[in-house]
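*Asks:* structural data only, the sequence is not supplied:
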């Protein structure tokens, strides 16, 4: 009620000429307060919100498969007696990236007593986690390579058991796989 009277300028016992001057001062003060609040709310600068672009997992997996397959084909075709080699790789995932996080954990405990000698404990826990940024990009902590679950090698010389064994051993050594994850087959004659 007092604020409303102050804005309207209704005060008992004041003259009309002082009242109109005070009224204009009040209007100017209210306008300045509104402009100040608007300046606080209005965004500063021409800063655009950060955009997060994610690559599609399937496209990334396919690129990883093709890259590893080409490298493996080049190496295995160098094995004596292997001839022309084709490789197909099955990936479980395209890898994993772990980013650094800034975590803030606030715990507040309050004990309230009532008039009947009762006690009530209140525990509030707030956790805030944000990805750490360095130089405008997320801070990468750890990156794991793609996980390979199986390899198929098709080679011209795989009819020979010795060449077949060498191709299997070389693939196991290069990709750190168990022999049961590798299958070597002879290439059909054209």
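*Replies:* Nice, I can see it. If you're wondering where the values come from, they're calculated on a predicted model, not measured in any experiment. Residues are numbered from 1 along each chain as shown.
*Asks:* for the lengthiest helix in the chain, packing partners?
*Replies:* Among the elements of the chain assigned as helix by DSSP state H, the one spanning the most residues is helix 16-41. Here helix 16-41 touches helix 2-8, going by 3 or more Cβ pairs under 8 Å, 6 or more residues apart in numbering; DSSP states H and E. C-beta: built from backbone N, CA, C; applies to glycine.
*Asks:* now do the domain split for this protein, please.
*Replies:* Here the chain is described, according to automatic domain parsing, as comprising the domains 2-41, 57-95+145-186, 98-137.
*Asks:* where in this structure is pLDDT low?
*Replies:* Of all residues in the chain, those with pLDDT under 70 make up the ranges 1-19, 43-61, 94, 190.
*Asks:* hey, where'd the strands end up in it?
*Replies:* 85-93, 96-99, 101-113, 119-131, 133-134, 137-138, 140-144, 147-155, 182-186 (DSSP state E).
*Asks:* and for the fifth one, what's in contact with it?
*Replies:* Outside strand 133-134, the residues that touch it by Cβ atoms under 8 Å, 6 or more residues apart in numbering are residue 139.
*Asks:* in its sheet, what does that strand sit against?
*Replies:* Using DSSP bridges, the neighbouring strands of strand 133-134 in the sheet come out as strand 137-138 (antiparallel).
*Asks:* and what of the third one?
*Replies:* Looking at strand 101-113 with DSSP bridges, its partner strands are strand 119-131 (antiparallel).
*Asks:* how far does the strand it pairs with sit from the chain's center?
*Replies:* Put simply, strand 119-131 sits 24 Å off its chain's centre (Cα atoms, centre = their mean, to the nearest Å).
*Asks:* re the thing from before, as CSV, the strands of the chain with distance to residue 36 would be great.
*Replies:* Putting these into CSV (distance: least, Cβ to Cβ, whole Å) gives the following:
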stretch, distance to residue 36
strand 85-93, 53
strand 96-99, 39
strand 101-113, 30
strand 119-131, 29
strand 133-134, 31
strand 137-138, 36
strand 140-144, 42
strand 147-155, 57
strand 182-186, 72
